[in-house]
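>>> Predicted model and sequence follow; I will ask about them next.
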Amino acid sequence: MKLHEYQSKTIFSKYGIPIPKGRVAATAQEAKQIAEELGGRVVIKAQVLAGGRGKAGGVKLAKDSAEAEQLATQILGMDIKGLPVRKVLVDEASAIDQEIYFAITNDRTAKKPVMIASAAGGVDIEEVAAATPEKIVKVHIDPLLGLREYQARDVAVAIDLPRAYWKDFVKIAMGLWQVYSATDAILAEINPLVITKEKKLIALDGKMMIDDNALFRQPDLVEMRDTDEDAPSEIEARRYGLSFIKLDGNIGCMVNGAGLAMTSMDVIKLFGGEPANFLDIGGGAGADKVAAGMRIILTDPNVKAVLFNIFGGITRCDEVARGILAAMEEVKPKVPMVVRLVGTNAEDGRRLLENAKMITAETLADAAKKSVKAAKKRKINS
Amino acid sequence: MKLHEYQSKTIFSKYGIPIPKGRVAATAQEAKQIAEELGGRVVIKAQVLAGGRGKAGGVKLAKDSAEAEQLATQILGMDIKGLPVRKVLVDEASAIDQEIYFAITNDRTAKKPVMIASAAGGVDIEEVAAATPEKIVKVHIDPLLGLREYQARDVAVAIDLPRAYWKDFVKIAMGLWQVYSATDAILAEINPLVITKEKKLIALDGKMMIDDNALFRQPDLVEMRDTDEDAPSEIEARRYGLSFIKLDGNIGCMVNGAGLAMTSMDVIKLFGGEPANFLDIGGGAGADKVAAGMRIILTDPNVKAVLFNIFGGITRCDEVARGILAAMEEVKPKVPMVVRLVGTNAEDGRRLLENAKMITAETLADAAKKSVKAAKKRKINS
Amino acid sequence: MVTLCRHKPCPCEGTYIMSILVDNNTRLIVQGITGNEGLFHTTQMVAYGTNVVGGVTPGKGGEWVLDKLPVFDSVKTARDATDATATIIFVPARFAPDAMFEAADAGIPLIICITEGVAVQDMMRVRNYLDQKKVRLIGPNCPGLLTPGKAKVGIIPGDIAIPGNVGVVSRSGTLTYEVLYAMKNLGMGASTCVGIGGDPVNGTNFTDVLEMFEHDPKTEKVILIGEIGGSEEEKAAEYITSKMTKPVAAFIAGLTAPPGKRMGHAGAIIEGGAGTAADKIKALEAAGVKVAKHPEEIPTLLM
Amino acid sequence: MVTLCRHKPCPCEGTYIMSILVDNNTRLIVQGITGNEGLFHTTQMVAYGTNVVGGVTPGKGGEWVLDKLPVFDSVKTARDATDATATIIFVPARFAPDAMFEAADAGIPLIICITEGVAVQDMMRVRNYLDQKKVRLIGPNCPGLLTPGKAKVGIIPGDIAIPGNVGVVSRSGTLTYEVLYAMKNLGMGASTCVGIGGDPVNGTNFTDVLEMFEHDPKTEKVILIGEIGGSEEEKAAEYITSKMTKPVAAFIAGLTAPPGKRMGHAGAIIEGGAGTAADKIKALEAAGVKVAKHPEEIPTLLM
C-alpha cells in the first residue's frame, strides 16, 4: 500500500523528522488560503500515487497566494499517468543548497533492512545509481538490534556531509528508522533531503510503502488508504481477497497461484494471444471467490474469451466448478470459456461442468491454444 | 530506585495489566472518600518502600467507608521498619481463588531477562522457592528479540494455570514485558497475581525497581522518586554523586572505589572496630566531592574517628587532600583523622596534609588499626 | 532420526539435513494441526505415508487427531514427547512468526512454513534469529517438500509425482504441480521436490537447494522453476556455473507480467536491473541451463 | 597482531586471545580519545609503552592527539587505517553501548570498556550481540588490563606492579591496586592483571580468566579478588575444583557490608542463597583456595 507524499511527511514529522510547513488542499480556494497563511513563496504539488509527477508538470512554484490559487486550479485539473489529481500539497518554498537521497527499505538478498543514501539526491538518483554506483552508500541494519547511531554517522561520513549536519542527520536517520519500524514499511524514502540556504536539513519530499501483510496491526494506516486511484475492478478483487491486475489483452484468465497465473499469461502470449488480466484466486478458494473473479473478468468489454486453469492442491476443483456455475447463472457470459482442471477433485469438477457448454483442455498449452483460437474467432464474428 | 505499589500498578495499568479499582490517599478523609466512591469492602494498604508491611499490620480490610477512615488513620500513624507511612492505597477488595507469583527481572548469570512464575504466589513465595524449587518456573527472554507469546503460554502451562486463563495471562505477560522494557526496570513483580472468585486475573500487588543508570532516559520516573524515605545524608550524598550508606559503628570511612570501601570496612572490623558508614567517592573525585563526603560523615554524632583510604588511579591524591583541607576549614572536625594516600600524586597529597594534624598510615591494615585505636581513645575521653 | 549430511568434507558444514531434507526417517509434527488446513493436510500427509508423530495447538493439548496423533500445547512438549525432527506450520499469518520462533527455540532443526502472507519485517527477524540458531527454514508461502514414495511434507498433491532421479526446486506453488504432473506424464520421476516459496524474505533459497542436489547421490538432474522479482535465479546461475556438475533445466514465469508496483527509487537501487524474466533466462542460459518456453516442455529438455 | 590461543585442543575454541589478552603485539585504539579521561589515560598508556595506534571521536576525525596519534570519526575507519587489534572505551555511560556495538561491528576482537554506570538492559543486549559475533569484552566498569612491562590497557597505575608469574583477576578497581601494590612490596610480580569489573552484566567473567591463566605458560599462580553479590565466585570455585592445576589465593570484599537493597522476591529466587561474602569464602576454601583476611595478606598465601 502506497502513501501520498503529504501522508508520508505527516508521519515523518511525528517521529521528529523536519518537514516544510504546509498542508494539503482539495480545492484551489483552500490552496490559496494555505498559501496566505504560509506567506511568501509556496510550492504546489500534485498528490497522486504515481512517479514522475514533476516532469508531468504536477509540481509548480507560486510567488504568492494568487498565483498559488491559479496553479492549484491548473494542477487539480490534471491527469498524471492516467490518475486524476484530487489533492495538492501546499508547502512553503525552500531555498536549496544541496539535495540528498536517503531511504530505508528491505534488502531481500541480505534479509535485512538497509539504509541507502547519496549526496547526489533528487529525481535523477536512479541514473546516479546506474552510472556511478560508488556515489550510493548502503548500510545494513540488524533487524533484531535496530539502527544504531554510529551507523547513521557512518552514512553521514560516507556521503561527505559537512560535520555541522551530522547531529541533525543522525536524528533524522533514527527518526526514519522508527517510521519504518512502527509502520511496517517496506519503503521509507526522503528524496530530496535538502540542506537549505539557512543551513537546515529538511525532508522536502517523502514516499512510503506499507507491507500489505502487516496491515492487520496498522489500523491507522488502513484508514489512510486512498482507493480513489485504484481501478474499480481491483478494489472489488481486494474485497474478495483476490489478486487482480487489469491488462490490455482480450483473453481473461482465472488461475490458482501467482506463478501459475503468470505462466498461463506467458503461454497465452506464446501461442499468439494477449491476456486481459492477471488473476490469482489463491489457495483454497471457494465457490464465492471464483464467482467474484469471474464477474470481475467479464466486466471488461475487451474480453473475448476466458481461460480457467486450475491445478487443484489446497484448491478443490469441484469447488471451483461450483463457483463457475454460480457465476454463469448470474452474469450469463457470452464469450467462450476454456476450462482446464487437474489435481484435487478434478474428476468431480469436470463432471459438474459437463453440461455447461465449456471448451475443455487437457494441458495448459492445449488450453492456451484453444482460448487464443476462441478469442480470434470471436473477434471475427463480433 | 524503588517505586511504590500505587506507582507500579499505575504503570501496569498503562500497559494493559488489569489492577483493582482504587486510588492513593494522604489523609484518612481522602481514604474515606475513595472508599465511598468504590462502595463495598476496600483494602487499606500502607505505601512504604519496605517489605513485610502486611506482617507489620500495614494492610487492613475495611467493610465500609467509615471503617476505611478509621483504619487509614491508624495506618497513616504507623512506622514500618523505621519508615513513617505517609500514604495509603485504597483498593476495592477482591475475592480470591488463587494467588500466583509472576515477575520479570534480570538474571545476571544468564545475562538475560527472566520470567519467574509460581502457582504458589503470595508473601511466602521465597519459602516456596527454597523448600520446593520445582514449584518455581523460570523462562529466559532473548534481550534482542523480546518476549514472545509462546513463552508466556509455556509459563501458563508450567504453573498449571487452567486453560480458560491462558489468553489473559499471555496479555498480562506481554504487558509486563513492555513495562519492564519501557521503564528500564530491574524488577517488575506482580505478587499476588490473583484469580478472583469472578474468574478474572488481576494484579493485586505490584513492585518495581528501576535501574538508576538508566534514569537519564526516564524523566517521568525520576519525578516519581520518593525521597521522603531516604536518610537525609543519603539524599545529600546522591546530590554529589557519592555512594553512601549509613551504618551503626563509630569509625567514619571515606574511600575511592566500592570494593576498596567494603574492604576498608572489613579491615576495620577485623581489627576490632565498627564502621559508621560505607562511602565510595568514586573514580576521579575532585575536591568538592571529597568535602561533601566529609561533611556527610561528620554530621553523624556517633563518629569518633575518620579513616581516609585513597588509592590514587583516576583519582588524584592531591585533589583529595585539597578536598579534605577545604572541608576541615568549613566543619572544623573534632575527631581524629587517619589518612592513607597511595598511588597517583600521593606525594603531593601527603605534602598538602603535612600541617593538618592528621594521623598518617602506610598500609590499609596500619590505617585501620590506627583508626580503631583513635576511636577507642576518643570514646574513653568523651 | 534425520539423516545428516555425510559428505567429507561436508559442504554444508553440518548445518542442514540431507538427501534431501525429508524421507521415511523424518518424524514430523504439525503446528496448527487442529485448524482446517492443518487437519486436511495432515490427513493427506498421513495417507501418503509420511511419519507424522503429533501436532501442536495451544489450548488443545491432550486431544487426539485422526485417532492416533497426540496434540500438544507447545512445540517443546511435542518435541520432548515425540522426538520430532521436523515441523510443518499451518497457522494464520499473524501467528506464523511466533510459530517459527517457538519451533527454533524447541530445537527442531527443520521448519517448513506453508503459511502465506507473513509480514516481511517479521520474516527478517525470524530469518536472522533462525540463522543464529542454525535452524533450516523452508518457506514461508511455499507448498513444502515431496520426496515421492517416501514423504510428503506440505501440500503438493502426492499423486502427481513418481519417484525418480530429478531434483525439483521452485519458488512457485501450483506451477510446481504443473511441472511434476508433466514429468509424471512422461514417466519422469523426482528425487525430492522442494518448494522454497515466493516471499521476498524466506528461509532456504535456490542456491542452498542446488547445493543439496549436487551432493545428493539420488539426484542426477535438476529442474529449477523461478519467477520474476529478486535475484535468486541470477545467484543460482552463478552457482551452476561455478560448482554444479549435474544438468539443470529451468522455467521462469512472468515474461509477460507487467512491471510490478515500483518500490520508489530504493527498489531500483537495491534490486539493480535484475528481476525481469528476460534477465533471469539470459543468466541461466549463460550458465548452460536449458530454459523451457512453457512448463510442459521442461522435462523434455532433460531427456 | 594479537597472539591467538595455540593450545591443541584449543580450550577456548578460538574465541579468545591468549597469554593473556594483551602484550606488546597489541595494537590499541581509544574510543573517546579526545575526552578528559580518554586523553589522560591515553597519555599514561603511551608513557607505559602500550602500542596505542590511534583513537576515535566522532566529529574529530583528522585531528591528532599527543602529536602522533590520529583521531578517526568511526571505529571502522580507525581499524582500516591502523589494523587495531583491541579497543578501549572511555565514553560517557549513555554512549557506551553504541561504542561497544560499533567496535564489534568493525571487527575488533577485544573490547575493554572502562565506563561506569552503563544501564543493565543495554548491557544485556550488548553482551548477547557480542556473543553472536564472538567478540571478547572486558568490563564495563572495570580498570582494564595490565601486563606489567609490556602493556597497560586501562587505568591501573603502571608503577604499582612488576612483571612476574602471578595472574591476577578482580571484580574490583582500587582494591586490585591495593593487592598489586602489596605484591610489589613483597617483590612478587604479575603475569597479567585482569579487572573484569563489578557490574551485574558484563563481558568476561572469573571462570573465563581462570581458564586463560590455567593455559598460560607465563602464569604459575593466581590471585582472585571477589566481592559480595552474584555467583561468579562460586562458579570460579567449581572451575578451580574441576579443572585448575595452578594454586589460587583469594580475597572477598564485603564481609561486613549490610545486605543490599533487596530486589523484591525475584532477587532472592534468582540469586538463591548465594551472594554473601561468607558463602563465597566457604565455596572457595572448599575448592582448596587460600582466602586472605585482608588484602595485604593475599600475596603471602602464595609464597
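Yep, it's here.

>>> Give me the number of neighbouring residues for the spatially closest residue to A:Ala103 that is not a sequence neighbour.
Spatial nearest neighbour of A:Ala103, excluding adjacent residues (CB to CB, 6 or more residues apart in numbering or on different chains): A:Glu189 at 3.9 Å. (C-beta placed from N, C-alpha, C; glycine too.) A count of nearby residues for A:Glu189, using other CB atoms under 10 Å in any protein chain shown, gives 27.

>>> Next up, phi/psi of A:Glu189, please.
phi -130, psi 130 (degrees, to the nearest 10).

>>> Would you confirm that C:Leu224 belongs to a strand?
Yes - applying DSSP: H, G, I helix; E, B strand; the rest coil, one finds C:Leu224 inside a strand.

>>> What residues does the residue in chain A that chain B sits nearest to make contact with?
For chain A, the residue closest to chain B is A:Leu144, as judged by CB to the nearest CB, at 4.3 Å. Shown in contact with A:Leu144 (CB atoms under 8 Å, 6 or more residues apart in numbering or on different chains): B:Leu144, B:Leu145, C:Arg125, C:Asn128, C:Tyr129.

>>> correct me, but the fourth one touches A:His140?
Okay, so that is C:Asn128. No - assessed by CB atoms under 8 Å, C:Asn128 is found out of contact with A:His140, at 10.7 Å.

>>> got a list of what A:Ala110 touches?
By CB under 8 Å, 6+ apart, the neighbours of A:Ala110 are A:His140.

>>> Secondary structure element holding it?
For A:Ala110, there is no helix or strand it lies in under DSSP states H and E.

>>> Show the backbone phi and psi for it.
Per degrees, to the nearest 10, the backbone of A:Ala110 is at phi -80, psi -10.

>>> how many other residues sit next to residue 219?
No chain specified, so I'll use chain A. 8.

>>> wait, I meant chain C there
Neighbour count of C:Thr219, defined by other CB under 10 Å: 21.

>>> And it, how close does it get to C:Val168?
Per CB to CB, to the nearest Å, C:Thr219 is found 10 Å from C:Val168.

>>> now do A:Ala68
Distance, A:Ala68 to C:Val168, by CB to CB: 62 Å.

>>> Show me what from the stretch 1-150 of chain C comes close to chain B.
C:58-59, C:61, C:73-77, C:98-99, C:101-102, C:105, C:125, C:129 (CB under 8 Å from any CB of the partner chain).

>>> make it 10 Å
Within the stretch 1-150 of chain C, the positions near chain B by CB under 10 Å from any CB of the partner chain are C:56, C:58-62, C:72-77, C:95, C:97-99, C:101-103, C:105-106, C:125-126, C:128-129, C:132.

>>> Now narrow the residues you listed to whatever sits close to chain A.
C:Arg125, C:Val126, C:Asn128, C:Tyr129, C:Gln132.

>>> Show me how to select, in ChimeraX, the buried members of the residues you listed.
Command for ChimeraX that selects the buried part of those, burial taken from 16 or more other CB atoms under 10 Å in any protein chain shown:
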select /C:125,126,128,129,132
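
>>> Can I get the ones next to chain A among the residues of the stretch 1-150 of chain C next to chain B in a markdown table including distance to B:Glu223, pLDDT and secondary structure?
Output for those, formatted as a markdown table (distance: CB to CB, whole Å; pLDDT from 0 to 100; DSSP: H, G, I helix; E, B strand; the rest coil):
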| residue | distance to B:Glu223 | pLDDT | secondary structure |
| --- | --- | --- | --- |
| C:Arg125 | 35 | 97 | helix |
| C:Val126 | 39 | 98 | helix |
| C:Asn128 | 38 | 96 | helix |
| C:Tyr129 | 37 | 96 | helix |
| C:Gln132 | 39 | 92 | helix |
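
>>> Can you lay out the ones next to chain A among the residues of the stretch 1-150 of chain C next to chain B as CSV showing distance to A:Gly349?
Formatted as CSV, these follow (distance: CB to CB, whole Å):
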residue, distance to A:Gly349
C:Arg125, 41
C:Val126, 37
C:Asn128, 43
C:Tyr129, 42
C:Gln132, 46
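
>>> Show me which residues of the stretch 1-150 of chain C are close to chain A?
C:36-37, C:40-41, C:44, C:92-94, C:114, C:116-129, C:131-132, C:141, C:143.

>>> for A:Ala120, what are its contacts?
A:Gln98, A:Glu99, A:Ile100, A:Tyr101, A:Glu127, A:Val128, A:Ala129, A:Thr132, A:Lys135, A:Ile136, A:Ile159, A:Pro192 (CB atoms under 10 Å, 6 or more residues apart in numbering or on different chains).

>>> ok, A:Gln29 - contacts?
A:Gln29 neighbours (CB under 10 Å, 6+ apart): A:Glu69, A:Ala72, A:Thr73.

>>> Identify, from those, the entry nearest to B:Lys81.
A:Ala72 (71.8 Å; CB to CB).

>>> follow-up on the earlier one: show me the contacts of A:Ala120 that map onto helices.
Judged by DSSP state H, the contacts of A:Ala120 include A:Glu127, A:Val128, A:Ala129 as members of helices.

>>> which among the residues you listed gets closest to D:Ala287?
The shortest gap between D:Ala287 and any of the ones in helices among the contacts of A:Ala120 belongs to A:Ala129, at 63.0 Å (CB to CB).

>>> State the pLDDT value of the closest one.
As predicted, A:Ala129 sits at a pLDDT of 86.

>>> burial of the residue in the stretch 251-382 of chain A positioned nearest to chain C, as a residue count?
With CB to the nearest CB, the shortest gap between the stretch 251-382 of chain A and chain C falls at A:Gly259, namely 2.7 Å. Counted with other CB under 10 Å, residues neighbouring A:Gly259 total 27.

>>> tell me which element A:Phe278 falls in.
strand A:277-280.

>>> ok, residues contacting that strand?
Contacts for strand A:277-280 (CB under 10 Å, 6+ apart): A:233-234, A:237, A:242-249, A:251-262, A:264-265, A:293-294, A:296-297, A:300, A:302-303, A:306, C:173-174, C:254, C:256-258.

>>> Just the ones of these in helices?
Going by DSSP H, the helices hold A:233-234, A:237, A:258-262, A:264-265, A:293-294, A:296-297, C:174 from the contacts of strand A:277-280.

>>> Just among the residues you listed, which is most surrounded?
Result: A:Ser264 is most packed of those (other CB under 10 Å), 34 neighbours.

>>> returning to that earlier point: just give me the closest of the ones next to chain A among the residues of the stretch 1-150 of chain C next to chain B to chain B.
C:Tyr129 (6.1 Å).

>>> show me the contacts for A:Glu127.
By CB under 10 Å, 6+ apart, the neighbours of A:Glu127 are A:Ala120.

>>> okay, C:Ser19: pLDDT?
For C:Ser19, pLDDT reads 46.

>>> Hmm, I typed the wrong one, I wanted C:Glu13.
Reported pLDDT for C:Glu13: 45.

>>> Also A:Gly241?
Model confidence at A:Gly241 (pLDDT) stands at 85.

>>> likewise C:Arg6?
For C:Arg6, pLDDT reads 41.

>>> ditto for A:Asn355
A:Asn355 is assigned 85 on the pLDDT scale.

>>> Right, I'll call it a day here.
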